[in-house]
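1. no sequence for this one, just the structure:
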Ligand SMILES: O=C(O)CCC(=O)C(=O)O
């Protein structure tokens, strides 16, 4: 799209594009989902491998949309609240795929910022069911093979009660049919597909029960990139879905993201040197720009954020007396491939994961690889298990 002589003109079919944008605006974005807004030609435009002037075009499209008369509900429902980090270089649309679901604004938002927040995606009823199952696990009424029940470093050393209040996270719930329903929710998968493509593996599952901070700031999650934990690529075909199980705000420790950081590389991670201690496996990114703009993702129950595995993110301290719950799954395209992390910044996490897996499965040293530990956990949720 080129702003030309004060008017809005696309590189092709200018008049049609202009009318189309206005129609879209008048319909508050809904027309897009019916397939009417993005024509086949426009879809082709968005999927072209090289899009010169894309950065400028993206900014201009945002500007135009923000000036058109759109209903505020549509804006809230379709986009993120993050300010875009603008990249002056021309670049390709590489992080999102050509599917009919995402609006142009949503695609551009994910491309620029590395995350996309969708309001009200998971129902109250489903969330209550996940909460009930979480309680059953905490009370040991169900035992799930392979599931890791983690405790906050401050709480596990105290005299804290032995029910769900002692549990800060469930990890690897892929064998729990009730919790795993989250990973198979069609409304989640239809978004996931926009990043992974049609063959989808659920690779990593978590239910996070961030406890009230016991005064040592250990309820914080250090800033990190999830790719640090994953020996599979390409990173752009991996995405996390993270759903708020209640209202999540700065007080109870919402997610904090550095928009645009997904465009960087995987950085070195290690345990942060926190006075009060740090939770097991909570590695933090070593060197990132402390001046990089931050966005606190305040979310309502059922809201879901999808984010790229290179996006630098973490979560704050829970300063309330309640537990802050969220459920998440990392998905990867089943066409991804495993890499050898020897000689890379991921060696430290490989070592730790292998040791943990050996302990968990009661097996001898060096009988399980980093790759095995993921291949064992991964479950196909849609399409065909090609290479994962
Ligand atoms: O839910 C949170 O507090 C942060 C979770 C997170 O970033 C992670 O486990 O990778």
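-> Received, thanks. All values derive from a computational prediction rather than experimental measurement.

2. need the pLDDT of residue 182.
-> pLDDT recorded at residue 182 is 98.

3. secondary structure class for it?
-> Local secondary structure at residue 182 is given as helix here, using DSSP: H, G, I helix; E, B strand; the rest coil.

4. assign the closest residue to it other than its chain neighbours to helix, strand or coil.
-> Excluding the flanking residues, the one nearest residue 182 by CB to CB, 6 or more residues apart in numbering is residue 327, at 5.2 Å. Where you see a C-beta, it was placed from the backbone N, CA and C, and this is true even at glycine. Assigned with three-state DSSP, residue 327 falls in the strand class.

5. wait, doesn't residue 327 sit right on residue 245?
-> Yes - counting by CB atoms under 8 Å, residue 327 touches residue 245, with 6.0 Å between them.

6. could you list the low-confidence segments of the stretch 251-388 of the chain?
-> Per-residue confidence for the stretch 251-388 of the chain (pLDDT under 70) gives these ranges: 274-276, 278.

7. near the ligand, which residues of it are found?
-> Applying CB under 6 Å from any ligand atom, we find that the stretch 251-388 of the chain lies next to the ligand at 313, 315, 326.

8. can you pull out the helices in this protein?
-> 14-26, 30-33, 40-47, 54-67, 72-78, 104-113, 124-138, 153-156, 177-184, 186-196, 347-361, 370-377 (DSSP state H).

9. so what's the residue nearest to residue 182 up against?
-> With contact taken as CB atoms under 8 Å, 6 or more residues apart in numbering, residue 327 is in contact with 127, 130, 179, 182, 206, 207, 208, 242, 243, 245.

10. these also near the ligand: which ones?
-> 206, 208.

11. now flag whichever of the contacts of residue 327 is closest to the ligand.
-> residue 208 (4.0 Å; CB to the nearest ligand atom).

12. neighbours of that closest one, how many?
-> 21 (other CB atoms under 10 Å).

13. that one contacts residue 323, correct?
-> No - using CB under 8 Å, residue 208 is not in contact with residue 323, being 9.6 Å away.

14. give the bridge partners for the residue nearest to residue 182, please.
-> Counting by DSSP bridges, residue 327 is bridged to residue 207, residue 243.

15. with the one 4 residues further on instead?
-> Partner residues in beta bridges with residue 331: residue 202, residue 239, with DSSP bridges as the criterion.
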